[in-house]
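A.B. asks: Sharing a model prediction with you, sequence too.
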Amino acid sequence: MTLRFETRESDSPWIDTVWTCTSDQVTEMTSVAGVCWGLVFWEREGRAYAAITGPETGAGSAPVPEGATFVGIEFAVGTSLRTLPVPALVGGGVDLPDVTHRSFPLDGMRWERPAADDAEALVERLIRAGTILRDPLVTEVRRGHPTDMSARTVERRFRAATGLTQGAVRQIERARTAAALLAAGTPIPDVVFELDYFDAPHLAVALRRYIGRTALQLREGAGGAIALDLGQRVTS
(Lines give C-alpha, C1' and ligand atoms only; values in the text may rest on other atoms or scores of the structure.)
Protein backbone atom coordinates (compact mmCIF):
# COMPACT_ATOMS: atom_id res chain seq x y z
CA MET A 1 0.00 0.00 0.00
CA THR A 2 1.71 3.19 -1.16
CA LEU A 3 1.28 6.90 -1.76
CA ARG A 4 3.76 8.21 -4.28
CA PHE A 5 4.43 11.96 -4.33
CA GLU A 6 6.66 13.66 -6.88
CA THR A 7 7.29 17.39 -6.66
CA ARG A 8 9.07 19.85 -8.91
CA GLU A 9 9.88 23.51 -8.57
CA SER A 10 8.71 26.06 -11.11
CA ASP A 11 10.34 28.94 -12.95
CA SER A 12 7.19 30.99 -12.44
CA PRO A 13 7.38 33.40 -9.47
CA TRP A 14 3.66 32.77 -8.99
CA ILE A 15 4.11 29.04 -8.36
CA ASP A 16 5.80 27.39 -5.41
CA THR A 17 5.71 23.78 -6.61
CA VAL A 18 3.88 21.42 -8.95
CA TRP A 19 3.20 17.92 -7.70
CA THR A 20 1.73 14.62 -8.78
CA CYS A 21 0.51 11.75 -6.64
CA THR A 22 -0.81 8.25 -7.15
CA SER A 23 -2.56 6.29 -4.41
CA ASP A 24 -2.49 2.51 -4.34
CA GLN A 25 -4.77 0.94 -1.74
CA VAL A 26 -4.33 3.94 0.55
CA THR A 27 -7.47 5.35 2.15
CA GLU A 28 -5.98 7.75 4.71
CA MET A 29 -2.84 9.85 5.00
CA THR A 30 -1.17 12.28 7.35
CA SER A 31 -1.72 15.81 6.09
CA VAL A 32 1.10 18.19 6.97
CA ALA A 33 1.22 21.90 7.64
CA GLY A 34 1.79 24.06 4.58
CA VAL A 35 1.93 27.76 3.80
CA CYS A 36 0.54 27.71 0.25
CA TRP A 37 -2.92 27.58 -1.25
CA GLY A 38 -3.38 25.48 -4.33
CA LEU A 39 -5.40 23.90 -7.08
CA VAL A 40 -5.64 20.12 -7.13
CA PHE A 41 -7.08 17.91 -9.85
CA TRP A 42 -7.71 14.19 -9.60
CA GLU A 43 -9.36 11.31 -11.38
CA ARG A 44 -10.90 8.21 -9.89
CA GLU A 45 -13.02 5.47 -11.41
CA GLY A 46 -13.48 7.41 -14.63
CA ARG A 47 -14.60 10.66 -12.96
CA ALA A 48 -12.76 13.99 -12.76
CA TYR A 49 -12.58 16.28 -9.74
CA ALA A 50 -10.94 19.56 -8.75
CA ALA A 51 -10.63 21.63 -5.60
CA ILE A 52 -9.04 24.75 -4.16
CA THR A 53 -6.93 23.94 -1.12
CA GLY A 54 -5.79 26.28 1.64
CA PRO A 55 -2.79 26.61 3.93
CA GLU A 56 -2.67 24.23 6.89
CA THR A 57 -1.39 25.29 10.30
CA GLY A 58 -0.81 21.80 11.68
CA ALA A 59 -0.64 18.11 10.90
CA GLY A 60 -3.74 15.94 10.86
CA SER A 61 -5.29 13.04 9.00
CA ALA A 62 -7.13 13.18 5.69
CA PRO A 63 -8.98 10.64 3.53
CA VAL A 64 -7.45 9.54 0.24
CA PRO A 65 -9.58 8.42 -2.70
CA GLU A 66 -8.24 4.93 -3.35
CA GLY A 67 -6.79 4.39 -6.81
CA ALA A 68 -6.79 8.11 -7.65
CA THR A 69 -4.20 10.07 -9.60
CA PHE A 70 -3.58 13.71 -8.70
CA VAL A 71 -1.99 16.84 -10.17
CA GLY A 72 -1.53 19.81 -7.88
CA ILE A 73 -0.30 23.39 -8.19
CA GLU A 74 0.91 25.09 -5.01
CA PHE A 75 0.92 28.87 -5.42
CA ALA A 76 3.61 31.15 -4.04
CA VAL A 77 3.04 32.85 -0.69
CA GLY A 78 1.49 36.25 -1.35
CA THR A 79 -0.67 35.19 -4.29
CA SER A 80 -4.44 34.84 -4.03
CA LEU A 81 -7.62 34.29 -5.98
CA ARG A 82 -9.57 37.41 -6.89
CA THR A 83 -12.85 35.90 -5.69
CA LEU A 84 -11.64 33.96 -2.64
CA PRO A 85 -9.20 35.46 -0.10
CA VAL A 86 -6.55 33.08 1.19
CA PRO A 87 -7.49 33.66 4.88
CA ALA A 88 -10.87 32.10 4.10
CA LEU A 89 -9.09 28.94 2.92
CA VAL A 90 -6.82 28.34 5.93
CA GLY A 91 -7.45 24.88 7.31
CA GLY A 92 -9.90 23.97 4.55
CA GLY A 93 -10.73 24.28 0.90
CA VAL A 94 -13.48 24.35 -1.71
CA ASP A 95 -14.56 21.56 -4.05
CA LEU A 96 -15.24 22.85 -7.56
CA PRO A 97 -18.46 21.81 -9.30
CA ASP A 98 -19.06 20.60 -12.84
CA VAL A 99 -15.51 19.36 -13.42
CA THR A 100 -14.91 17.30 -16.56
CA HIS A 101 -11.86 15.50 -17.91
CA ARG A 102 -11.21 18.52 -20.11
CA SER A 103 -12.16 21.59 -18.09
CA PHE A 104 -13.00 23.08 -14.69
CA PRO A 105 -14.81 26.24 -13.51
CA LEU A 106 -13.05 29.10 -11.73
CA ASP A 107 -13.91 32.77 -11.33
CA GLY A 108 -16.94 32.56 -13.62
CA MET A 109 -15.03 30.98 -16.52
CA ARG A 110 -14.06 27.51 -17.68
CA TRP A 111 -10.41 26.55 -17.98
CA GLU A 112 -8.61 23.61 -19.53
CA ARG A 113 -7.56 21.02 -16.97
CA PRO A 114 -3.75 20.92 -16.80
CA ALA A 115 -1.33 18.04 -16.79
CA ALA A 116 1.74 18.50 -14.59
CA ASP A 117 3.74 19.89 -17.51
CA ASP A 118 0.99 22.39 -18.36
CA ALA A 119 0.78 24.08 -14.95
CA GLU A 120 2.72 27.19 -15.92
CA ALA A 121 0.64 27.73 -19.04
CA LEU A 122 -2.59 27.55 -17.04
CA VAL A 123 -1.27 29.95 -14.41
CA GLU A 124 -0.21 32.45 -17.07
CA ARG A 125 -3.75 32.42 -18.46
CA LEU A 126 -5.18 32.91 -14.95
CA ILE A 127 -2.83 35.84 -14.37
CA ARG A 128 -3.76 37.53 -17.65
CA ALA A 129 -7.45 37.20 -16.81
CA GLY A 130 -6.90 38.76 -13.38
CA THR A 131 -8.14 35.61 -11.66
CA ILE A 132 -4.94 35.32 -9.61
CA LEU A 133 -3.45 38.35 -7.86
CA ARG A 134 -0.26 38.99 -5.91
CA ASP A 135 0.66 41.39 -3.12
CA PRO A 136 4.17 42.65 -4.01
CA LEU A 137 4.82 43.66 -0.41
CA VAL A 138 4.75 40.01 0.68
CA THR A 139 7.28 39.13 -2.02
CA GLU A 140 9.60 41.92 -0.90
CA VAL A 141 9.31 40.95 2.76
CA ARG A 142 9.99 37.31 1.92
CA ARG A 143 13.16 38.37 0.13
CA GLY A 144 14.29 40.35 3.17
CA HIS A 145 14.00 43.73 1.48
CA PRO A 146 13.35 46.74 3.74
CA THR A 147 10.09 48.70 3.51
CA ASP A 148 9.05 52.17 4.65
CA MET A 149 6.00 50.74 6.46
CA SER A 150 5.73 50.04 10.16
CA ALA A 151 6.18 46.47 11.37
CA ARG A 152 2.51 46.38 12.40
CA THR A 153 1.36 47.45 8.93
CA VAL A 154 3.60 44.91 7.25
CA GLU A 155 2.31 42.13 9.50
CA ARG A 156 -1.30 43.13 8.82
CA ARG A 157 -0.73 43.12 5.05
CA PHE A 158 1.13 39.82 5.25
CA ARG A 159 -1.65 38.13 7.18
CA ALA A 160 -4.35 39.58 4.92
CA ALA A 161 -2.56 38.15 1.88
CA THR A 162 -1.53 34.76 3.27
CA GLY A 163 -3.87 33.97 6.16
CA LEU A 164 -0.78 33.37 8.33
CA THR A 165 1.66 35.41 10.36
CA GLN A 166 5.26 35.73 9.23
CA GLY A 167 6.31 33.71 12.26
CA ALA A 168 3.94 30.86 11.41
CA VAL A 169 5.22 30.73 7.84
CA ARG A 170 8.82 30.51 9.05
CA GLN A 171 8.04 27.76 11.56
CA ILE A 172 6.10 25.64 9.06
CA GLU A 173 8.71 25.99 6.34
CA ARG A 174 11.48 25.14 8.80
CA ALA A 175 9.69 21.98 9.97
CA ARG A 176 9.10 20.84 6.38
CA THR A 177 12.80 21.36 5.62
CA ALA A 178 13.72 19.42 8.74
CA ALA A 179 11.47 16.54 7.67
CA ALA A 180 13.13 16.39 4.26
CA LEU A 181 16.63 16.44 5.78
CA LEU A 182 15.79 13.68 8.25
CA ALA A 183 14.21 11.54 5.53
CA ALA A 184 17.41 11.96 3.52
CA GLY A 185 19.45 10.61 6.44
CA THR A 186 20.80 13.81 7.98
CA PRO A 187 21.61 13.21 11.69
CA ILE A 188 19.32 14.90 14.19
CA PRO A 189 22.10 17.07 15.75
CA ASP A 190 22.99 18.38 12.29
CA VAL A 191 19.34 19.26 11.56
CA VAL A 192 19.06 21.04 14.92
CA PHE A 193 22.19 23.07 14.17
CA GLU A 194 21.49 23.78 10.51
CA LEU A 195 17.93 24.98 11.09
CA ASP A 196 18.65 26.76 14.38
CA TYR A 197 16.39 24.72 16.64
CA PHE A 198 17.19 25.19 20.34
CA ASP A 199 17.73 21.45 20.89
CA ALA A 200 16.46 18.02 19.81
CA PRO A 201 13.30 18.20 21.97
CA HIS A 202 12.47 21.55 20.34
CA LEU A 203 12.78 19.88 16.93
CA ALA A 204 10.65 16.95 18.10
CA VAL A 205 7.82 19.26 19.16
CA ALA A 206 7.88 21.04 15.78
CA LEU A 207 7.81 17.74 13.89
CA ARG A 208 4.82 16.47 15.86
CA ARG A 209 2.93 19.72 15.44
CA TYR A 210 3.59 20.44 11.79
CA ILE A 211 4.53 17.09 10.22
CA GLY A 212 2.81 14.52 12.42
CA ARG A 213 5.92 12.34 12.56
CA THR A 214 8.87 11.65 14.85
CA ALA A 215 12.41 11.99 13.62
CA LEU A 216 12.80 8.19 13.70
CA GLN A 217 9.67 7.69 11.61
CA LEU A 218 10.98 10.12 9.04
CA ARG A 219 14.36 8.41 8.94
CA GLU A 220 12.74 4.97 8.47
CA GLY A 221 9.88 6.01 6.21
CA ALA A 222 7.43 4.69 8.81
CA GLY A 223 4.14 5.94 10.16
CA GLY A 224 1.93 5.41 7.13
CA ALA A 225 1.12 7.50 4.08
CA ILE A 226 2.01 11.18 4.29
CA ALA A 227 1.21 14.16 2.07
CA LEU A 228 4.80 15.23 1.64
CA ASP A 229 7.44 14.52 -0.97
CA LEU A 230 10.31 13.07 1.05
CA GLY A 231 12.15 11.63 -1.92
CA GLN A 232 11.18 8.11 -0.95
CA ARG A 233 8.22 5.75 -1.10
CA VAL A 234 6.29 5.93 2.16
CA THR A 235 4.40 2.77 3.00
CA SER A 236 1.32 2.32 5.12
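C.D. replies: The structure has been received and is ready for your questions.

A.B. asks: where along this protein do the helices fall?
C.D. replies: 119-128, 136-142, 151-162, 166-183, 188-194, 200-206, 215-220 (DSSP state H).

A.B. asks: Regarding this protein, what is its longest strand?
C.D. replies: Longest strand in the chain, counting residues (DSSP state E): strand 15-24.

A.B. asks: quick one: strands adjacent to it?
C.D. replies: strand 2-9 (antiparallel), strand 69-75 (antiparallel) (DSSP bridges).

A.B. asks: What residues sit buried inside it?
C.D. replies: For strand 15-24, burial by neighbour count (16 or more other Cβ atoms under 10 Å) applies to 15, 16, 17, 18, 19, 20, 21, 23. For glycine as for every other residue, the C-beta is placed from the backbone atoms N, C-alpha and C.

A.B. asks: and residue 111, how many neighbours?
C.D. replies: Counted by other Cβ atoms under 10 Å, the residues lying close to residue 111 total 18.

A.B. asks: what sits against it?
C.D. replies: Each residue near residue 111 by Cβ atoms under 8 Å, 6 or more residues apart in numbering is listed here: 103, 104, 105, 122, 125, 126.

A.B. asks: For the first one, which non-adjacent residue is closest in space?
C.D. replies: Among residues not flanking residue 103 along the chain, residue 110 sits closest, at 4.6 Å (Cβ to Cβ, 6 or more residues apart in numbering).

A.B. asks: was I right about that neighbour contacting residue 99?
C.D. replies: No: under the criterion of Cβ atoms under 8 Å, residue 110 makes no contact with residue 99, lying 9.9 Å away.

A.B. asks: out of the two, which sits in the more crowded spot?
C.D. replies: Comparing residue 110 with residue 99 by other Cβ under 10 Å, the one with more neighbours is residue 99, at 20 against 13.

A.B. asks: Against residue 132, how distant is the more buried one?
C.D. replies: According to Cβ to Cβ, to the nearest Å, residue 99 stands 19 Å off from residue 132.

A.B. asks: And for residue 9, nearest residue in space, chain neighbours not counted?
C.D. replies: residue 17 (5.9 Å).

A.B. asks: ditto for residue 87
C.D. replies: residue 163 (3.8 Å).

A.B. asks: For residue 220, see how far away the one you found is.
C.D. replies: 34 Å.
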